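>>> Build me a model from this:
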Amino acid sequence: MLKPLNQCNILVTPTSFAKYNKNFIYILEKAVNKVTYNTTGRPLTEEDLIPLVSDIDGFIAGLDFITAKVMKTAKKLKVISRYGTGVDRVDLEAARDMGIVVTNTPGANSISVAELTIGLAIASARNITVGDRMTKEGNWPRLSGVSLSEKTFGIIGLGSIGKEVAKRLTGFNMKILAYDIHFDYAFANNYNIEYADIETILKSSDFISLHLPVCRETENMINKNTLAKMKKDVILINTARGELIDEEALYESIKSGYVKKAALDTYRKEPPDPKSKLLTVQEVITLPHMGAATDDSSNEMTKISIEECLSVLRGEKPRYEV
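I've put the predicted structure just below:
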């Protein structure tokens with residue numbers, strides 16, 4: 001039997017959650033017994049979560065590692081409401097076995113991540129971050145960039161974010177190649193996108209952008225072998241998941257001069273080790289996983305994740321069950 005909503009305890013771990021949509025946060029705090037927030041400024045590990053979950057009924061989760069062990073500790077837990085789309089850090093099989101509903105916020109951050117992807121493509125091609133740093137250091141470099149016009153842009157993963165990237169690329173006079181396991185040919189025809197398998201995208205693209213979830217088939221898909229198949233001087237962009245890339249192999253390919261630039265918003269470990277080699281080379285733009293962090297996106301993710309969590313705790317069917 002479900003307990004009354006005003007007796008439920010909620011754990012909220014997205015680090016930026018409390019900054020957005022104060023009205024919905026107020027609704028959450030008034031509706032339930034207790035809300036506990038993550039104050040560490042980073043995603044939580046299994047070890048971090050175990051002391052926090054024993055008395056929670058609902059979990060509005062960020063990029064935390066929600067393992068079977070965490071769920072077994074959370075004996076009252078009814079729902080994990082992901083603030084975002086990806087659920088690769090949630091043990092879905094364990095959740096199903098324990099009757100815990102998992103939801104997400106599909107499409108809420110698509111435009112924000114797509115806009116950042118385009119920004120990273122331009123910043124990499126035109127040496128914007130390097131030029132900014134060198135000018136502030138008192139230098140006046142003659143930096144030569146790469147034009148986007150008439151180049152080929154490969155999108156690996158034509159889901160909601162990949163589609164928003166493609167829409168925005170149509171104004172740059174580029175050839176757009178895209179791959180997705182469930183390829184939307186109608187959308188592609190509307191935006192003059194050409195279907196290509198991953199092998200073709202790797203060998204043909206001047207820019208490659210990753211928009212895939214992490215699973216057994218995609219983890220480390222960008223590795224020593226696939227990097228070697230790419231066009232020389234390719235620019236690689238990852239605003240999806242750090243686990244898609246073998247970071248050591250990417251570093252070696254950049255240092256050798258084969259990959260021209262990389263722009264990363266996600267890493268295998270977050271935050272990355274300050275001694276990570278990728279943080280030492282100016283050919284790599286490194287950002288603190290901020291793709292979804294805009295006012296519109298965060299407001300929508302806040303709204304949906306709260307609605308989904310409370311719906312399950314009321315015994316209602318959520319809109320976005322995974």
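
>>> T286: neighbour count?
Counted with other Cβ atoms under 10 Å, the burial measure for T286 works out to 16 neighbours. Every C-beta, even on glycine, is put in place using the N, C-alpha and C of the backbone.

>>> what's the answer for E93, then?
E93 has 9 neighbours, counted by other Cβ under 10 Å.

>>> how does the protein divide into domains?
Dividing the chain into domains by automatic domain parsing, as the record does, gives the ranges 5-108+295-313, 110-286.

>>> Same list (the ones you listed) but as CSV, adding mean pLDDT and distance to E321.
Compiled in CSV, these are given as follows (pLDDT from 0 to 100; distance: least, Cβ to Cβ, whole Å):
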stretch, mean pLDDT, distance to E321
domain 5-108+295-313, 94, 5
domain 110-286, 97, 17
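
>>> among these, which is nearest R319?
Of all the domains of the chain, the one in closest proximity to R319, counting by Cβ to Cβ, is domain 5-108+295-313 (6.8 Å).

>>> Relative to V322, which of the domains of the chain is closest?
Set against V322 and scored by Cβ to Cβ, those come closest in domain 5-108+295-313, at 4.5 Å.

>>> Now do the same contact list for the residue nearest to the spatial centre of the chain.
Relative to the mean C-alpha position of the chain, the nearest C-alpha, by Cα atoms, centre = their mean, is the one of A240, at 4.0 Å. Residues counted as contacts of A240 (Cβ atoms under 8 Å, 6 or more residues apart in numbering) are G86, G157, I161, L210, H211, L212, P213, T266.

>>> cool, and D206?
If a contact means Cβ under 8 Å, 6+ apart, then D206 has V146, K151, T152, F153, K231, D233, V234, I235 as its contacts.

>>> do you know how far it is from S149?
Distance, D206 to S149, by Cβ to Cβ, to the nearest Å: 11 Å.

>>> cool, A262 as well?
Distance, A262 to S149, by Cβ to Cβ: 22 Å.

>>> quick one: which of those two has more around it?
Counting neighbours by other Cβ under 10 Å for A262 and for S149 shows that A262 has the greater number, 26 against 8.

>>> can you count the residues close to L310?
L310 sits with 22 neighbouring residues when counted by other Cβ under 10 Å.

>>> show me what contacts it?
With contact taken as Cβ under 8 Å, 6+ apart, L310 is in contact with L5, L28, A31, V32, G58.

>>> same deal with F59?
Contact partners of F59, counting by Cβ under 8 Å, 6+ apart, are I10, L11, T13, V53, I66, A74, L77, V79, I80, S81, C309.

>>> So which of the residues you listed sit within strands?
Members of the contacts of F59 lying in strands (criterion: DSSP state E): I10, L11, V79, I80, S81.

>>> ok now the helix ranked longest in the chain, how far from the chain's centre?
For the chain, the helix that runs over the most residues, judged by DSSP state H, is helix 295-313. The gap between the average C-alpha position of helix 295-313 and the chain average comes to 17 Å, counting by Cα atoms, centre = their mean, to the nearest Å.
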